[in-house]
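Novice: 3D, please:
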Amino acid sequence: MASRSGTYFVNTAVSSEEIGRALIAKFGAILTDIESAYLNPENTQRFSHGGPLRRPSATNFFNGGTKKHSVIYEVKFQDIVEHNVSILRLQIESFTTAMQTQFVHSLYTVIGESCDSIGNVVNAEVEGSTLKALEAVWEKLEIQVAADGTPKLPEMHCGSEAYEKFKEAIDGMSPEDEARMERVKARKIAEGREREVLRQARFIGYGIKT
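Specialist: Here you go, the predicted structure:
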């Protein structure tokens, strides 16, 4: 089944069961795309199944539980009578928007509650300035490092107002501020590499090719 805006189902879908399977596959692909836009593959399955969003070796963690996302559709009888297939495109667009909104809300709610529960929070007012708050954020970070020693630098997600404040602070940094921030960054990366070396040391024959 196709429209000018794109193909949604294969033309061989002639029964209601086949159309249902095609819908489920389409919705599943949409959910996968939404998740991958905000979570890396290492965290996606754990988060999707309601498990604790933490490293297995961590002793303190926040269990966010399981979240339910749902969407309700209403289709006019007249659209069915007239075989108006454009409603499929509209419903898929509506599904995508609703699921993305709910997923993002759940994700950041769990992260926020998790950080609050262990005190892993930075307050710009307490720190005295946006720049000092940014430095405090770096101090709280634990940089992940790949097995080959490559650091996985974090991403910063924030609202438009916070973004403008951080951008203004970064653009206005003095050479001394930049040097100090780079020293903090280099130290945190070095600490991450040390942790990775210790992690690999726990496994006999780690990295040995056979």
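Novice: Packing partners of the helix or strand that contains residue 22?
Specialist: Assigned by DSSP states H and E, residue 22 falls within helix 16-38. When contacts are defined as 3 or more C-beta pairs under 8 Å, 6 or more residues apart in numbering; DSSP states H and E, helix 16-38 packs onto helix 41-48, helix 86-118. Where you see a C-beta, it was placed from the backbone N, CA and C, and this is true even at glycine.
Novice: Break the chain down into its domains, please.
Specialist: 2-118, 124-201 (automatic domain parsing).
Novice: how about those domains in TSV, adding mean pLDDT?
Specialist: Formatted as TSV, the domains of the chain follow (pLDDT from 0 to 100):
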stretch	mean pLDDT
domain 2-118	73
domain 124-201	90
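Novice: now the residue most central in space within the chain, nearest residue through space, not along the chain?
Specialist: By C-alpha atoms, centre = their mean, the chain has its centre lying nearest to residue 38, at 2.4 Å. Closest residue to residue 38 apart from its sequence neighbours, by C-beta to C-beta, 6 or more residues apart in numbering: residue 107 at 5.9 Å.
Novice: is it true that the one you found touches residue 67?
Specialist: No: in this structure residue 107 lies outside contact range of residue 67 using C-beta atoms under 8 Å: 9.0 Å.
Novice: So between those two, which is more surrounded?
Specialist: Comparing residue 107 with residue 67 by other C-beta atoms under 10 Å, the one with more neighbours is residue 107, at 20 against 15.
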